[in-house]
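*Asks:* quick check, what structure comes out for this input:
(one chain, ligands or ions: 1)
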Amino acid sequence: MEIEIATIGGYEEVGRQMTAVRAGNDVVIFDMGLNLSKVLIHDNIQTENMHSLDLIDMGAIPDDRVMSDLDGDVQAIVPTHGHLDHIGAISKLAHRYDAPVVATPFTLALVEQELEDEDKFSSDSDLVEMDPGESMTIGDHGCELEFVNVTHSIIDAINPVLHTPEGAIVYGLDKRMDHTPVIGDPIDMKRFREIGREGEGVLCYIEDCTNANKKGRTPSENVAREHLRDVLYSMEDYDGGIVATTFSSHIARVKSLVEFADDIGRQPVLLGRSMEKYSGTAERLGFVDFPDNLGMFGYRRSIDQSFERIMNDGKEDFFPIVTGHQGEPRAMLTRMARGETSYELDDGDKVVFSARVIPEPTNEGQRYQAEKLLGMQGARVYSDIHVSGHLCQEGHYAMLDALQPQHIIPAHQDLKGFSGYIDLASNQGYALGRDIHASSNGDIIQLV
Ligand SMILES: [Zn+2]
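*Replies:* Predicted structure coming up:
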């Protein structure tokens, strides 16, 4: 059976991930993501009503025209998790394929919301739920799709595996090796080891190289949780304002913040449109059980009312958890920093960033500005209370050891980002150009 892999997006950048695997006549697409930084660089662009070709030209979504060189039928579109760089282009591209979107429940709920928000295209793709650990048949030629449970900075993440008669194709985006996650099961390393040893073994491993230039091991979410506990408990006797921000989609982190708010005698309040969207979805699907007193407000008017109530009742009794961890100009924390809300920051008030600045000039500039503005109001900033969602080098070694793939395709980075991974794989006996395939957007690699 012929096996080809099209590296469509996310092979020259972090963002707009998309990869297609052809096994004989059957094609499976993994991820269809958005490169948000290419959108945000322009002021006030509304992607909801933009055409896909314009977004392709901007470099915001994958250029999927290479799909016409792949000689087969698309059987499934499989987003691995709910981050926008993995699902954000489904609303723009999925309607071109007569195939269902197959994903875990939380991811699928986010895809559904993306499709509802879309104005330009309407998709009639079937949305098919599949849980981690489950499999489904693909086409009529002996291929099977399996979801292996992994741990990442968003809940319900999986690595899909396409089992073919020539061996398994393991799509390794995105994960870290977490044995003590705050929500959900640990990464299923046992299953990866089995896949490496059963049948024809692993024909190809496509790997998330985000942190491939970083030595050592990515800590567990539990480490970030304990760091956060230490910081917040140290503020227990403070009788002024305490505010925190984190990734809205990072439900495990939001859960820790909410729990510690209660521990230090404050009522948690989630503020911001995406805070309400992600946490509301996670609670509705039963991934978290937030306390009854947790306020969740997404719309401007309800947010303004909530701030007024906090100021009237006394901000020492509340713990607002808000959007704006990267200093995004329209996010809640930035508005608070600019004095555009009724929440008044006083000398000594605490602002906790449970996030790292994404190392990119726009983010760095915006975050710098937000922190400066907060500082000018007297706020004390606690930054970087965070752990990464991506494997560092020791995790990559462990995955190679578990899977023992014949071929490797580094992904989720540019060439410079691949270099650390190519070095470490070379240490394990692989060779660039022979069985390590450093690929660009729009390439097709013929494996069999
Ligand atoms: Zn991700």
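*Asks:* centroid residue for this structure?
*Replies:* In the chain, the residue lying closest to the centroid (CA atoms, centre = their mean) is residue 83, at 3.3 Å.
*Asks:* same for the least confident helix or strand in the chain by mean pLDDT, what does it pack against?
*Replies:* Ranked by mean pLDDT, DSSP states H and E, the weakest helix or strand in the chain is helix 36-40, scoring a mean of 84. Helix 36-40 makes packing contacts with helix 361-376 when contacts are defined by 3 or more CB pairs under 8 Å, 6 or more residues apart in numbering; DSSP states H and E. For the C-beta atoms, the positions are set from N, CA and C on the backbone; glycine is no exception.
*Asks:* quick one, helices of this protein?
*Replies:* 36-40, 52-57, 84-87, 90-93, 105-117, 189-197, 221-233, 251-263, 273-284, 300-313, 332-337, 361-376, 393-403, 415-427 (DSSP state H).
*Asks:* how big is the angle separating the last one from helix 393-403?
*Replies:* Just to be clear, that refers to helix 415-427. Per axes from the mean of the first three to the mean of the last three CA atoms, to 10 degrees, the angle that helix 415-427 makes with helix 393-403 is 50 degrees.
*Asks:* what does helix 415-427 contact?
*Replies:* Identification of contacts with helix 415-427 by CB atoms under 8 Å, 6 or more residues apart in numbering yields 12, 14, 207, 209-210, 212-214, 393, 396-397, 400, 408, 410, 413, 432, 436, 438.
*Asks:* do the second one as well
*Replies:* Taking CB under 8 Å, 6+ apart as the criterion, the residues outside helix 52-57 that touch it are 47, 61, 62, 63, 64, 65, 89, 92, 93, 120, 121.
*Asks:* so which of the residues you listed wins on neighbours?
*Replies:* Within those, residue 62 tops the neighbour count with 33 neighbours, counted by other CB atoms under 10 Å.
*Asks:* can you tell me, leaving aside adjacent residues, what's nearest to that residue?
*Replies:* Leaving out its chain neighbours, the residue that sits closest to residue 62 by CB to CB, 6 or more residues apart in numbering is residue 9, at 2.9 Å.
*Asks:* number of residues surrounding the one you found?
*Replies:* Quick note: residue 9 (other CB under 10 Å) scores 31 neighbours.
*Asks:* residues in contact with it?
*Replies:* Counting by CB under 8 Å, 6+ apart, residue 9 touches 16, 17, 18, 19, 33, 35, 61, 62, 63, 64, 89, 441.
*Asks:* list, one by one, the residues from the chain near the ion.
*Replies:* Within the chain, the positions adjacent to the ion are 83, 174 by CB under 5 Å from the ion.
*Asks:* how is the chain partitioned into domains?
*Replies:* 3-217+389-446, 221-382 (automatic domain parsing).
*Asks:* which of these is buried the deepest?
*Replies:* Greatest average neighbour count among these goes to domain 3-217+389-446 (a mean of 20), per mean count of other CB atoms under 10 Å.
*Asks:* how long is it end to end?
*Replies:* 6 Å (CA to CA, to the nearest Å).
*Asks:* same thing with stretch 263-272?
*Replies:* Using CA to CA, the two ends of stretch 263-272 sit 23 Å apart.
*Asks:* now tell me what touches it from outside.
*Replies:* 229, 232-233, 235-236, 242, 248, 254, 257-258, 261-262, 276, 279, 291, 293-298, 303, 306-307, 310, 316-324, 331-332.
*Asks:* how about stretch 30-39?
*Replies:* Under CB under 8 Å, 6+ apart, the answer for stretch 30-39 is 9-10, 13, 15-21, 45, 47, 58-62, 64, 77-80, 83-90, 92-94, 160, 171, 173, 206, 360, 362-363.
*Asks:* run the last query once more with 7 Å
*Replies:* 9-10, 13, 15-19, 45, 47, 58-62, 77-80, 84-90, 93-94, 160, 171, 173, 360, 362 (CB atoms under 7 Å, 6 or more residues apart in numbering).
*Asks:* kindly report the same for stretch 336-349.
*Replies:* Contacts for stretch 336-349 (CB under 7 Å, 6+ apart): 240-241, 304, 307-308, 310-311, 335, 370, 373-374, 377-380.
*Asks:* would you check which pair of these lies furthest apart?
*Replies:* 304 and 380 (25.2 Å; CB to CB).
*Asks:* show me where pLDDT drops low in the stretch 201-350 of the chain?
*Replies:* Counting by pLDDT under 70, not a single residue of the stretch 201-350 of the chain qualifies.
*Asks:* would you quantify the distance from the residue nearest to residue 244 when sequence neighbours are not counted to residue 212?
*Replies:* Nearest in space to residue 244, with sequence neighbours left out and distances taken as CB to CB, 6+ apart, is residue 352 at 4.1 Å. With distances taken as CB to CB, to the nearest Å, residue 352 is found 29 Å from residue 212.
*Asks:* pLDDT for the contacts of helix 52-57 - can I get that in TSV?
*Replies:* Converted to TSV, those look like this (pLDDT from 0 to 100):
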residue	pLDDT
47	87
61	97
62	98
63	98
64	97
65	95
89	97
92	96
93	96
120	88
121	87
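*Asks:* out of the residues you listed, which is nearest to the ion?
*Replies:* Taking CB to the ion as the measure, residue 89 is the one of the contacts of helix 52-57 closest to the ion, at 14.3 Å.
*Asks:* so what's the closest one up against?
*Replies:* 16, 32, 33, 34, 61, 62.
*Asks:* repeat that for 10 Å
*Replies:* Counting by CB atoms under 10 Å, 6 or more residues apart in numbering, residue 89 makes contact with 9, 16-18, 31-35, 47, 52, 55-56, 60-62, 64, 79, 114.
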